[in-house]
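> Turn this into a structure:
(chains A, B and C)
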Amino acid sequence: MTSVGAEQQSLARGFRLLELLPWLALCASYVFLPELLPLGTQIIIMIIFALSLDLLLGYTGIVTLGHAAYFGVGAYTSGMLAVAGWDGPFTGLAGGAITAAAVGLVMGSIILRTKGLALLMLGMAVTLIFYELANHFPAWTGGADGLQGISVKPIFGVFEFDMYGKVGFAYAGLVLLACLVFVRHLVLSPFGRSLVGIRENTTRMTAIGVPVQQRRLIVFAVAAGIAGVAGALSAQTNQFVGLNVLSFELSGTVLIVLVLGGAGRLYGAFLGAPIYFAAQDILAKGDPVYWLFWLGLILIIVANVARGGVLGLCHSISLRFSADRSGQAERGKP
Amino acid sequence: MTSFLNVIVSIVFHGLAYAMVLYVISVGLSLTMGMLNFVNLAHGVFAMAGGYAALWIMKTQGAPFVLALLVSALLVAVASVVLERLLYRKLYGAGELDQTLMTIGLIFMATAAAHFAFGPLPQRVDLPPAITGHFFVAGRDFPTYRAFLIAAGCVMFLVLWFGIERTLVGARIRAAVDNRSMAQCVGINTNRLFTTVFALGSGVAALGGGLGADIIAIAPGYAMEHLIYFLIVVSMGGLGSITGAFVAALILGIGDTACKILMPEVGAFFVYVAVFVVLLVRPAGLFGRAT
Amino acid sequence: MTVQDNPVAAIKTTNLRKKFGEIDVANDINFRLENGARHALIGPNGAGKTTFVDLLTGQVKPSSGTIHLNGKDVTSLSTDRRVRSGLARTFQINTLLRGLTVVENVQLAVLEQRDQGASVLSGKTAQIEAADTAYDLLEQTNLAADARRAISDLSYGRQRLVEVAIALALKPSVLLLDEPAAGVTPADSHHMFGLIEALPESIAVLIVEHDMKLVFRFAKVITVLVQGKVLMSGTPDQISHDPQVRDIYLGHRNHA
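Numbering: from 1, shown residues only, chains lettered A, B, ... in the order given. The predicted model follows:
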């Protein structure tokens, strides 16, 4: 039983009931946990961000510590648009997405020519350069004080952002749904499956005629665009953009979130973000220092024995219990 | 005119001192990454540990500076061997991602431990009087401490260079960096060699951390905060090259200092733009081997 | 088929040269692979055979000289573009997607061959059809029994068969087989020989091999490569009787 093939096939088997779970959880939160909705919105934003990284890292195998650059570009773009008067919610999202994707296309075409440590470093350097740019042009970005006074028009002209965060939460949930549908379709398509091939063995993919660099660049730009959506959403729901959206810390956090949940399995982000935030809340209760300690320990353990994150563990467990080891490509089925 | 010259001299001097600290800390990382291509983001932890240990020994045992440095380097080297056997070794064949995760995890744990043991504030450094103050040369006064750092860095470079280029162990190291499997084929025990180099690299880093404690403050966030700089030195210089690390440290140290003083608005950019440009033109680094 | 009947060769290299430092790994190679050929490339270890194949596929860039594929100059084309122009190869060491099943590996090749590898819209249909084609191909190559097994579950020998199947899925006009019998057990090599013999006549096949049984059974033309230079080309008879070739490569054993 192959993990790659099986995952692909089981997702492709059509809409499984399990996939409804996150949405049930979201709806339940809306109804039963109104006081946690602002936090819930942050979690949703992180899920979208981690989902974009999953495309890049989980599916295509591009290891980067510089993904925050595109989150930040999206955040500042939509924030600046709103401050300048273009404050429609979807305008902000589109602006953030397009700008981030464009930057991703340019940066990707430069840095994807390298690999390994060089790629890692270049990705980081891009984020740091953007950070410094944001820091040094306070007229545009608010500098260290951040971009303030971002207000967004009501969604669909009707739903105004309220101070309880209900509209924000529902809005974010909607955006997440759209992003998931998009990414899910992408990874199940021939394009998405070729990405997995590229991750596993670029020589083999080239040998069957795949223009590897071109596809990696496309995925890079798409992932940057989705990260930009997450950033734009963050700007709109927080009504504020701080320098931290371009920080190395954020790049690290989203990586940790994704790996905790399980990369390359589409739903890793959905598990990783709540787990991360919950763990942070619980473990940082006494002293924030302890949070760091336990997080570090968790990371070391994951890197050693649980590389597939929570979803990977679930998969291994389900393999043990499942008698039916099929799920491969069958005649007449994708 | 002379004041401009003064500024230049000052920049070069301070930049050199900073560069030397960066070098001593990062050279070990260059060697270990060159030998095994292992993404060790936690290298700064050893430098930090060296700093804490040296300062602690000086404070509680009243030991002289240099002795404290050497002892702390030794302690860290030994501790690093334990870490290598227990943790690092397991992930030698693993992918970039797992190595990145593990080492980030190490940084977090070390940061928390340092915070717990020594508190959140940067450590105070009581340098011995011999290297504090100023000395006069050619009508200018230079801070003694920084001169000491420059001297120490150069000595370290020479010692390492001699060790790598002229000794048998050094030859083995060069062979393993060049082509690990081939080195094994000719009978070099690469596992043992690597542990040795790892210990050496960590010990030297600890030395650097202690040496530079007054320039790069010893605080719990040390490893994460300065990670970028160490990685830049290593990637810009080229993995496995002590000369590369030296040149890269010089470019970085002097360049960064110069830009921050002469052009404060864009100062911080220099480092990142520099590594960006270098890695684009030579992804393997200035002195690295293209694979 | 003679050279005069087919002025446009499947592959033609002109003064192809590759230097690694001071060493000429490929030294002025003028080589022709005719349409529908059954052509073997032999030579001692280190002669530069795999480098030659890498030059043909574009994995290695030549220092000078040209390569023509079906009359088209492909010297500056990237590997994937050459594949799309009809050139397929297998690798000396298995280069399969180990986490996928056999049929999934072939399916990917079929999708790419149909230029649907990057499709995002009509994906589902394309994948179903590609899977069907993949199954068909696996049946034709007697690999259907392993279709749903993961590559990593197969023996090395059977994996090499899958390599060939994938190359066939690309519907090439030129097929380069790099030591297909290497590492294959006698049990599986029977299957490999059958596979190679059953290759369509429309495909020009160049096989790099050390296994002389396979070479003499399969090839109609043999080229001998020594230290990056072509020593000679000829029929199996001519090659096996040539004294120079005997000395350099075949040793003193008789090959029927």
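
> How far away from the center of its chain is the helix or strand that contains B:Ser26?
Per DSSP states H and E: B:Ser26 is located in helix B:2-36. Using Cα atoms, centre = their mean, to the nearest Å, the distance from the centre of helix B:2-36 to the centre of the chain it belongs to is 10 Å.

> Is the helix or strand following that helix in proximity to chain A?
Of the helices and strands lying after helix B:2-36 in sequence (DSSP H and E), the nearest is helix B:43-61. No: using Cβ under 8 Å from any Cβ of the partner chain, helix B:43-61 never reaches chain A; the gap is at least 10.6 Å. Using the backbone N, CA and C atoms, a C-beta is placed for each residue, glycine as well.

> Report the angle between helix B:43-61 and helix B:2-36.
Compare the direction of helix B:43-61 with that of helix B:2-36 by axes from the mean of the first three to the mean of the last three Cα atoms, to 10 degrees and you get 110 degrees.

> Can I get helix B:43-61 as PDB, trimmed to CA atoms?
C-alpha atoms of helix B:43-61 as PDB (Å, rounded to 0.1, in the frame of the first residue of the first chain):
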ATOM      1  CA  HIS B  43      24.500  25.800  15.300                       C
ATOM      2  CA  GLY B  44      24.000  29.100  17.100                       C
ATOM      3  CA  VAL B  45      22.900  27.200  20.200                       C
ATOM      4  CA  PHE B  46      26.500  26.100  20.700                       C
ATOM      5  CA  ALA B  47      27.800  29.600  20.300                       C
ATOM      6  CA  MET B  48      25.200  30.700  22.800                       C
ATOM      7  CA  ALA B  49      26.000  27.900  25.200                       C
ATOM      8  CA  GLY B  50      29.700  28.800  25.000                       C
ATOM      9  CA  GLY B  51      28.900  32.400  25.800                       C
ATOM     10  CA  TYR B  52      26.700  31.500  28.800                       C
ATOM     11  CA  ALA B  53      29.200  28.900  30.000                       C
ATOM     12  CA  ALA B  54      32.200  31.200  29.700                       C
ATOM     13  CA  LEU B  55      30.500  34.100  31.500                       C
ATOM     14  CA  TRP B  56      29.200  31.800  34.200                       C
ATOM     15  CA  ILE B  57      32.600  30.300  34.800                       C
ATOM     16  CA  MET B  58      34.100  33.800  35.000                       C
ATOM     17  CA  LYS B  59      31.500  35.000  37.400                       C
ATOM     18  CA  THR B  60      31.200  32.100  39.700                       C
ATOM     19  CA  GLN B  61      34.700  30.600  39.600                       C
END
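
> Which strands and helices lie in contact with that helix?
Secondary-structure packing of helix B:43-61 (3 or more Cβ pairs under 8 Å, 6 or more residues apart in numbering or on different chains; DSSP states H and E): helix B:2-36, helix B:65-86, helix B:96-118, helix B:190-211, helix B:222-225, helix B:227-237.

> Mind listing what's buried along the first one?
Of all the residues in helix B:2-36, those buried under the rule 16 or more other Cβ atoms under 10 Å in any protein chain shown are B:11, B:13-36.

> one step back: between the helices and strands packed on helix B:43-61, which one is closest to chain C.
Minimum separation from chain C across these (Cβ to the nearest Cβ) falls at helix B:96-118, 15.8 Å.

> what's the spacing between the closest one and its chain's center?
For helix B:96-118, the separation from the chain centroid amounts to 17 Å (computed by Cα atoms, centre = their mean).

> ok and that helix relative to helix B:43-61, angle-wise?
Orientation of helix B:96-118 against helix B:43-61 (the same axes, to 10 degrees) gives an angle of 20 degrees.

> about what we covered before: just the buried residues of helix B:2-36 that are near chain A?
Restricting the buried residues of helix B:2-36 to those near chain A by Cβ under 8 Å from any Cβ leaves B:Met33.

> quick one, strands of chain C?
C:11-20, C:23-33, C:38-42, C:64-69, C:72-73, C:87-89, C:174-178, C:204-208, C:221-226, C:229-234 (DSSP state E).

> Pick the most deeply packed of the ones you listed.
Looking across the strands of chain C with neighbours counted as mean count of other Cβ atoms under 10 Å in any protein chain shown, the highest average goes to strand C:87-89: a mean of 27.

> quick check: mean pLDDT across it?
Summarised as a single mean, pLDDT over strand C:87-89 is 96.

> just stretch C:65-78 next, same as before
94.

> what distance separates the start and the end of that stretch?
16 Å (Cα to Cα, to the nearest Å).

> who's in contact with it?
Outside stretch C:65-78, the residues that touch it by Cβ atoms under 8 Å, 6 or more residues apart in numbering or on different chains are A:211, C:8-17, C:28-29, C:55-56, C:58, C:62, C:81-82, C:85-87, C:173-174.

> So A:Leu65: helix, strand or coil?
Assigned by DSSP: H, G, I helix; E, B strand; the rest coil, the conformation of A:Leu65 is coil.

> correct me, but it touches A:Leu120?
Yes: in this structure, A:Leu65 is within contact of A:Leu120 by Cβ atoms under 8 Å, at 5.9 Å.

> Overlap in contacts, those two.
By Cβ under 8 Å, 6+ apart, the residues touching both A:Leu65 and A:Leu120 are B:Thr100.

> Over to the residue of the stretch 51-200 of chain C found nearest chain B: give its phi and psi.
Proximity of the stretch 51-200 of chain C to chain B (Cβ to the nearest Cβ) peaks at C:Gly99, 13.5 Å away. With angles defined as degrees, to the nearest 10, C:Gly99 sits at phi -80, psi -10.

> Around it, how many other residues sit close by?
Close neighbours of C:Gly99, defined as other Cβ atoms under 10 Å in any protein chain shown, add up to 21.

> what does the one 4 residues further on give?
Here the neighbour count serves as a burial measure; for C:Val103 (other Cβ under 10 Å) it reads 29.

> ok, it touching C:Ala134?
Yes: assessed by Cβ under 8 Å, C:Val103 is found in contact with C:Ala134 at 5.0 Å.

> ok, back up a step: let me know the distance separating the residue of the stretch 51-200 of chain C closest to chain B from C:Lys12.
Taking Cβ to Cβ, to the nearest Å as the measure, C:Gly99 falls 39 Å from C:Lys12.

> ditto for A:Ala84
62 Å.

> Same check on C:Leu168?
With distances taken as Cβ to Cβ, C:Leu168 is found 23 Å from C:Lys12.

> Return the residues in contact with the residue of the stretch 101-250 of chain C found nearest chain A.
Closest residue of the stretch 101-250 of chain C to chain A, Cβ to the nearest Cβ: C:Gly123 (3.7 Å). C:Gly123 makes contact with A:185, A:188-191, A:334 under the criterion Cβ under 8 Å, 6+ apart.

> got those as TSV, with secondary structure and pLDDT columns?
Converted to TSV, the contacts of C:Gly123 look like this (DSSP: H, G, I helix; E, B strand; the rest coil; pLDDT from 0 to 100):
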residue	secondary structure	pLDDT
A:His185	helix	93
A:Leu188	helix	92
A:Ser189	coil	93
A:Pro190	helix	94
A:Phe191	helix	95
A:Pro334	coil	41
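
> From these, keep the buried residues only.
Here, 16+ other Cβ under 10 Å leaves A:188-191, A:334 buried among these.

> Would you check which pair of those residues lies furthest apart?
Pairwise distances among the buried ones among the contacts of C:Gly123 were taken by Cβ to Cβ; the largest, 13.7 Å, belongs to A:Phe191 and A:Pro334.

> Buried ones in the lowest-mean-pLDDT helix or strand in chain B, by neighbour count?
Ranked by mean pLDDT, DSSP states H and E, the weakest helix or strand in chain B is helix B:180-185, scoring a mean of 78. If you call a residue buried by 16+ other Cβ under 10 Å, then helix B:180-185 has these buried ones: B:180, B:183.

> Do any residues in the longest helix anywhere in chain A lie close to chain B?
Assignment by DSSP state H gives helix A:212-238 as the longest helix of chain A. No: Helix A:212-238 lies out of reach of chain B by Cβ under 8 Å from any Cβ, never closer than 14.3 Å.
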